[in-house]
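S.K.: Give me a 3D structure for the following:
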Amino acid sequence: MVDLVEMRAIVWEGGELGAKFHYEEIPADLKDKAAEARQNLLDTALSVDEAAIEEYFEKGDVDIETLKKCIKKGAISGAFRPVMCGTAFKNKGVQPLLDAVIDYLPAPDEVEGIRIAPPEDEEVDENFLPIVPVDPDGKFAGLAFKIISDKYGTLTFVRVYRGILKSGDTVMNTTKGHKERVGRMFQMHADDRKEVKQVGAGDIAAFVGLKDTQTGDTLADGTDPVVLERMQFPVPVIDISVEPKTKDAVEKMTLALQKLAAEDPSLKLKTDQETGQTILSGMGELHLDIIVDRMRREYGVEANVGAPQVAYRETISRSHIETYTHKKQSGGSGQYAEVKIEFTPVERNEGISFENKVVGGTVPKEYIPAVEKGIRMQSSTGVLAGFQTVDFKFTLLDGKYHDVDSSALAFEIAAKACFREGMKNAGPVILEPIMDVEVTTPNDHVGDVVGDLNRRRGIIQSQETAGSTVMIRSQVPLKEMFGYISHLRSATKGRASFTMQFHHYDPVPRNVADEIMAKSA
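M.R.: Predicted coordinates for the structure are as follows:
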């Protein structure tokens with residue numbers, strides 16, 4: 001590898017871990033290429049500092065410290081991003097990368113700090129949220145950003161933003177509102193761990209013994225219970241069913257999946273109520289392949305995997321008012337409840353909301369929560385194909401009750417039945433995940449790639465040319481993207497690549513909806 005900052009070659013000396021390397025002169029056949037690349041580096045890096053530009057014009061070059069200072073300044077401001085070379089497969093390039101972290105990334109006191117989390121259910125301009133600055137003398141505040149389960153138990157990685165914490169101290173999990181006692185704390189070096197007795201602002205440490213702290217939770221001093229801004233995780237868009245190959249491994253698999261889901265917030269685990277299958281939801285085929293492989297390697301669980309399924313959703317397209325009466329008489333006290341509910345569509349991603357407009361006590365106050373609970377429970381099974389129903393508002397307008405026969409259970413049952421009947425008349429539609437797809441391809445294959453994306457019901461957003469390659473941005477339904485990588489490679493002789501991430505949900509075309517409903521039936 002050629003280091004363009006110090007203009008020298010770095011040569012790794014073999015061995016599996018890539019631990020041994022030495023510096024030498026740049027080989028003669030790379031000198032011209034390195035000089036050209038170095039000039040590009042100088043042109044970009046020095047543009048953020050006028051004093052460095054003057055030094056360059058005076059001397060025809062700049063010293064290494066000045067260049068490193070400019071790269072750091074540009075990296076922190078976001079003017080550009082330093083890129084390192086290396087190969088994970090051969091463990092080469094790790095040492096210069098770690099040196100670059102020290103040289104170019106900001107120390108805790110060189111950035112403004114972290115913002116506090118916005119209040120729930122409130123629209124707030126994030127730029128106006130207060131900032132928690134790095135302060136060694138302030139009251140403790142830290143963010144749990146990663147969880148790992150290993151043979152010694154659960155390690156919670158915490159970045160400290162403020163104050164000092166000692167092992168044995170008790171802190172507040174301000175996200176969940178309960179106390180956690182901090183046991184042992186470790187400074188981690190890959191698999192090696194060094195116990196530390198205290199951590200301060202700017203430190204990263206692994207805590208052992210936290211019982212109920214998850215990724216994104218804030219730990220803080222109980223006298224100043226600040227909640228820090230947490231990471232936003234995308235919605236899982238692809239499902240597979242998993243079952244152990246032997247009956248003895250059921251408990252082992254459940255435990256393994258629970259640990260993996262705790263480590264990875266973009267992975268969701270659930271049990272299908274109708275089939276009893278364990279369903280894993282993730283961000284893509286590769287994501288779920290890796291989880292299944294880790295289950296085999298780390299936990300010794302061999303699993304049968306069902307075909308990937310798209311995580312469809314259902315919603316409604318028009319308002320509808322439904323009245324439902326639940327009556328049951330079978331000796332002794334019966335069951336009676338009547339509800340009148342309006343179902344209204346809302347904007348995409350607004351979720352489910354409830355409003356109570358009952359006046360005059362036609363539905364007693366103690367039964368209102370049962371109505372809400374019944375609708376929310378039933379919304380997990382839609383009326384068209386059994387998918388979760390999202391983005392609607394339901395309003396309890398009126399109802400009737402009986403002094404003896406009415407109960408919370410009766411109103412819950414009535415609400416569930418009202419949902420099933422009312423949704424059928426509210427223009428139900430099936431929604432499918434639409435993905436943002438970016439394909440980078442050589443110029444020669446642009447026509448093939450665009451044509452193929454169109455056949456997959458894709459909508460081309462833009463095309464940008466950079467040298468001999470073109471980046472094509474499009475939005476494509478996830479259903480059409482299974483197995484796309486192998487098709488793309490064969491169409492472009494292995495020269496194109498693509499990235500994909502979830503963008504939004506959209507109604508499916510009629511023919512696709514019919515196909516989905518036929519399968520679920």
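S.K.: Would you mind listing the residues in contact with the residue nearest in space to the middle of the chain?
M.R.: Nearest to the mean C-alpha position of the chain, by Cα atoms, centre = their mean, lies Phe233 at 2.5 Å. The neighbours of Phe233, taking Cβ atoms under 8 Å, 6 or more residues apart in numbering as the test, are 216, 265-266. Every C-beta, even on glycine, is put in place using the N, C-alpha and C of the backbone.
S.K.: And for Leu155?
M.R.: Neighbouring residues of Leu155 by Cβ under 8 Å, 6+ apart: 147-149, 186, 188, 206-208.
S.K.: In strands, which of the residues you listed appear?
M.R.: 147-149, 186, 188, 206-208 (DSSP state E).
S.K.: Selecting buried members of those residues in ChimeraX, what would you type?
M.R.: A single ChimeraX command is used to select the members of the ones in strands among the contacts of Leu155 judged buried by 16 or more other Cβ atoms under 10 Å:
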select :147,149,186,206,207,208
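S.K.: Out of the contacts of Phe233, which end up buried?
M.R.: Buried, going by 16+ other Cβ under 10 Å: 216, 265-266, out of the contacts of Phe233.
S.K.: doesn't Leu4 make contact with Ala34?
M.R.: Yes. Using Cβ atoms under 8 Å, Ala34 makes contact with Leu4 at a distance of 6.7 Å.
S.K.: State the number of residues packed around Gly209.
M.R.: Gly209 is flanked by 15 other residues according to other Cβ atoms under 10 Å.
S.K.: gap between the residue nearest to it when sequence neighbours are not counted and Asp169?
M.R.: Spatial nearest neighbour of Gly209, excluding adjacent residues (Cβ to Cβ, 6 or more residues apart in numbering): Gly183 at 3.2 Å. Distance of Gly183 to Asp169, given as Cβ to Cβ, to the nearest Å: 10 Å.
S.K.: For Phe498, give me its contacts.
M.R.: 437-440, 484-485, 488.
S.K.: for Leu260, that is, sorry about that
M.R.: If you count contacts by Cβ under 8 Å, 6+ apart, Leu260 has them with 267, 291, 294-295.
S.K.: Quick check: it vs Gly177, distance?
M.R.: 26 Å.
S.K.: Tell me the buried residues in the helix of greatest length in the chain?
M.R.: In the chain, with assignment by DSSP state H, the single longest helix is helix 408-424. Burial within helix 408-424, assessed by neighbour count using 16+ other Cβ under 10 Å, is assigned to 408, 410-419, 422-423.
S.K.: would JSON lines of those with pLDDT be doable?
M.R.: Formatted as JSON lines, the buried residues of helix 408-424 follow (pLDDT from 0 to 100):
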{"residue": "Ala408", "pLDDT": "91"}
{"residue": "Ala410", "pLDDT": "92"}
{"residue": "Phe411", "pLDDT": "94"}
{"residue": "Glu412", "pLDDT": "93"}
{"residue": "Ile413", "pLDDT": "93"}
{"residue": "Ala414", "pLDDT": "94"}
{"residue": "Ala415", "pLDDT": "94"}
{"residue": "Lys416", "pLDDT": "94"}
{"residue": "Ala417", "pLDDT": "94"}
{"residue": "Cys418", "pLDDT": "95"}
{"residue": "Phe419", "pLDDT": "95"}
{"residue": "Gly422", "pLDDT": "93"}
{"residue": "Met423", "pLDDT": "93"}
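S.K.: So which of these is the closest to Ile238?
M.R.: Met423 (25.3 Å; Cβ to Cβ).
S.K.: send the alpha carbons of the longest strand along the chain over as CSV?
M.R.: Longest strand of the chain, by residue count under DSSP E: strand 428-442. Taking Å, rounded to 0.1, in the frame of the first residue of the first chain, the C-alpha atoms of strand 428-442 are listed here in CSV:
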residue,chain,number,x,y,z
PRO,A,428,-58.5,-2.0,2.4
VAL,A,429,-55.2,-2.1,0.4
ILE,A,430,-52.0,-4.0,0.7
LEU,A,431,-48.8,-2.0,1.0
GLU,A,432,-45.3,-3.3,-0.2
PRO,A,433,-41.9,-2.0,0.8
ILE,A,434,-40.2,0.1,-1.8
MET,A,435,-36.4,0.2,-1.8
ASP,A,436,-33.9,2.9,-2.7
VAL,A,437,-31.6,1.1,-5.2
GLU,A,438,-28.3,2.5,-6.4
VAL,A,439,-26.5,0.6,-9.2
THR,A,440,-23.0,1.6,-10.2
THR,A,441,-22.2,0.2,-13.7
PRO,A,442,-19.8,0.8,-16.6
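S.K.: what residue ranges in the stretch 101-250 of the chain score low on pLDDT?
M.R.: For the stretch 101-250 of the chain, the stretches with pLDDT under 70 are 119-128, 152.
S.K.: now the strands for it?
M.R.: Taking DSSP state E, counting those that start in this stretch, the strands of the stretch 101-250 of the chain run over residues 114-115, 131-132, 141-150, 153-162, 164-166, 170-173, 178-181, 185-189, 192-196, 198-200, 204-208, 218-220, 238-244.
S.K.: Export these to JSON lines and append columns for distance to Tyr312.
M.R.: Shown next, in JSON lines, are these (distance: least, Cβ to Cβ, whole Å):
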{"stretch": "strand 114-115", "distance to Tyr312": "35"}
{"stretch": "strand 131-132", "distance to Tyr312": "40"}
{"stretch": "strand 141-150", "distance to Tyr312": "30"}
{"stretch": "strand 153-162", "distance to Tyr312": "34"}
{"stretch": "strand 164-166", "distance to Tyr312": "45"}
{"stretch": "strand 170-173", "distance to Tyr312": "35"}
{"stretch": "strand 178-181", "distance to Tyr312": "36"}
{"stretch": "strand 185-189", "distance to Tyr312": "41"}
{"stretch": "strand 192-196", "distance to Tyr312": "44"}
{"stretch": "strand 198-200", "distance to Tyr312": "45"}
{"stretch": "strand 204-208", "distance to Tyr312": "39"}
{"stretch": "strand 218-220", "distance to Tyr312": "34"}
{"stretch": "strand 238-244", "distance to Tyr312": "10"}
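S.K.: Pick the most deeply packed of those strands.
M.R.: strand 218-220 (a mean of 26; mean count of other Cβ atoms under 10 Å).
S.K.: coming back round to it: ok, the residue nearest to the centre of the chain to Gly282 distance?
M.R.: Relative to Gly282, and taking Cβ to Cβ, Phe233 is found at 11 Å.
S.K.: Val359 is nearest to which of the strands of the stretch 101-250 of the chain?
M.R.: Of all the strands of the stretch 101-250 of the chain, strand 178-181 comes closest under Cβ to Cβ, at 38.8 Å.
S.K.: name the element Glu251 belongs to?
M.R.: Per DSSP states H and E, Glu251 falls inside helix 250-263.
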